[in-house]
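Enquirer: Pasted the sequence and its predicted model underneath.
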Amino acid sequence: MVSKYNHPEYHEAVFRLTCELDMPDRVLHPIRNLIGCSLGRVFWLDWLRQDSRDAEWMATPGDHEDPEWHRIDGWPERGDGTTSRKWSRRATLWMQWHSVDAWHITDWLITATAEGHPWLANVDAAGYPKKLMKCGTLERLVHEATKGLRQRNPREIMLGPDDESFVLALGAGHTLVQLFSRAALRKEGLLMHHCIGQGAYDDLLDDPDVGFFSIRNLDGKPVATLEIRGGYLRQFRGPANAQPTDAVKDLVAPAIEAFGWQDWRDRPRPTQDEGYGPEAIAILTNLPPARRRS
């Protein structure tokens, strides 16, 4: 019997999931193997379980009253390319449902690699870190990621006007601040326990179409981080990549309207993606009410 990890579609499945994570090669390359034996493996196992129930159609998880049904077999009647269509579709759906957790885990892997965490050297006979291989579910990976990010040691980083700048008063003592420098990203990441300061976003600081923003409370502490690309709100995260509170979402909603930032799903998509449904990123579950789709 063919091992589930030697299945002819396994590498295609992991590849398609990796594409959906939307990371530059410079960031992806050092953690590619870690992605494969953690998120990729769990992603594959999730779909094996689904295929044992129904390999053609799947309802949106957790939607019990009037679920939306999704075709997941790759449309074999279209001819060649069924496998790539199937796993592209499945990767898009899985990220729609689990993107917040997936990016949280990815942040942890980036941080652990950049900082040389000792667990990376404790590997099994195949060379995979035992800490990752013992995690058989997404929930377990999230648990380990949260612990790993909280173990980082924030240190004081002095910032000036060239590093960050006030943008807008949001009310209730909260402000919107734009982050301009590597030092600003580093401090934001340390205080928020996510990987914005670990180098993955450094190259984007010089891109005029990309902006990083921090929501600060009355004491000047960050409570949420935003990433804007080309006028589209791509990420909106609270501490440790959790969803921002409803109160913070409500405070940010007028700013989103004022600057004309749009839902990431509404950005132009390549024509070859037509028919696959809207891509869903972490931000989609975090959008303030003013920008939610009906």
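Expert: In hand now; what should we look at? Computed from a prediction, not measured in an experiment: that's the story for all the values here.
Enquirer: which ones are touching the closest residue to residue 81 other than its chain neighbours?
Expert: Leaving out its chain neighbours, the residue that sits closest to residue 81 by Cβ to Cβ, 6 or more residues apart in numbering is residue 74, at 7.8 Å. Any C-beta I mention is one placed from the backbone N, CA and C, and that applies to glycine too. By Cβ atoms under 8 Å, 6 or more residues apart in numbering, the contact set of residue 74 is 81, 82, 83, 84, 85, 86, 87, 89.
Enquirer: List buried residues within the residues you listed.
Expert: 85, 86, 87, 89 (16 or more other Cβ atoms under 10 Å).
Enquirer: Keep only those of the residues you listed that are in helices.
Expert: 85, 86, 87, 89 (DSSP state H).
Enquirer: so can I have TSV of these showing pLDDT?
Expert: Putting these into TSV (pLDDT from 0 to 100) gives the following:
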residue	pLDDT
85	96
86	97
87	97
89	96
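Enquirer: The residue nearest to residue 81 should be in a helix, yeah?
Expert: No - if the criterion is DSSP: H, G, I helix; E, B strand; the rest coil, then residue 74 is coil and not within a helix.
Enquirer: Show me where the stretch 1-150 of the chain has its strands.
Expert: For the stretch 1-150 of the chain, the strands defined by DSSP state E, counting those that start in this stretch occupy 57-59, 69-71.
Enquirer: name the helices or strands packed onto the first one?
Expert: Translated: strand 57-59. Packing contacts for strand 57-59, counted by 3 or more Cβ pairs under 8 Å, 6 or more residues apart in numbering; DSSP states H and E, involve strand 69-71.
Enquirer: For residue 123, give me its contacts.
Expert: 129, 130.
Enquirer: let's go with 10 Å and repeat that
Expert: Contacts for residue 123 (Cβ atoms under 10 Å, 6 or more residues apart in numbering) come out as 37, 129, 130, 131, 132, 133.
Enquirer: Scan those and report the most crowded one.
Expert: residue 132 (26 neighbours; other Cβ atoms under 10 Å).
Enquirer: Contact partners for that residue?
Expert: 33-39, 41-42, 105, 109, 112, 119-120, 123-124, 140-141, 144.
Enquirer: Would you mind measuring from the closest residue to residue 13 other than its chain neighbours to residue 72?
Expert: In space, residue 13 comes closest to residue 87 once its chain neighbours are excluded; the distance is 4.7 Å by Cβ to Cβ, 6+ apart. Counting by Cβ to Cβ, to the nearest Å, the gap between residue 87 and residue 72 amounts to 10 Å.
Enquirer: shared neighbours of these two, which are they?
Expert: Common neighbours of residue 87 and residue 72 (Cβ under 10 Å, 6+ apart) are residue 47.
Enquirer: in terms of contact, does residue 212 touch residue 188 like I think?
Expert: Yes - the pair residue 212 and residue 188 passes the contact test of Cβ atoms under 10 Å, sitting 7.7 Å apart.
Enquirer: How about residue 175: what's its closest non-neighbour residue?
Expert: Per Cβ to Cβ, 6+ apart, closest to residue 175 is residue 216, 4.9 Å.
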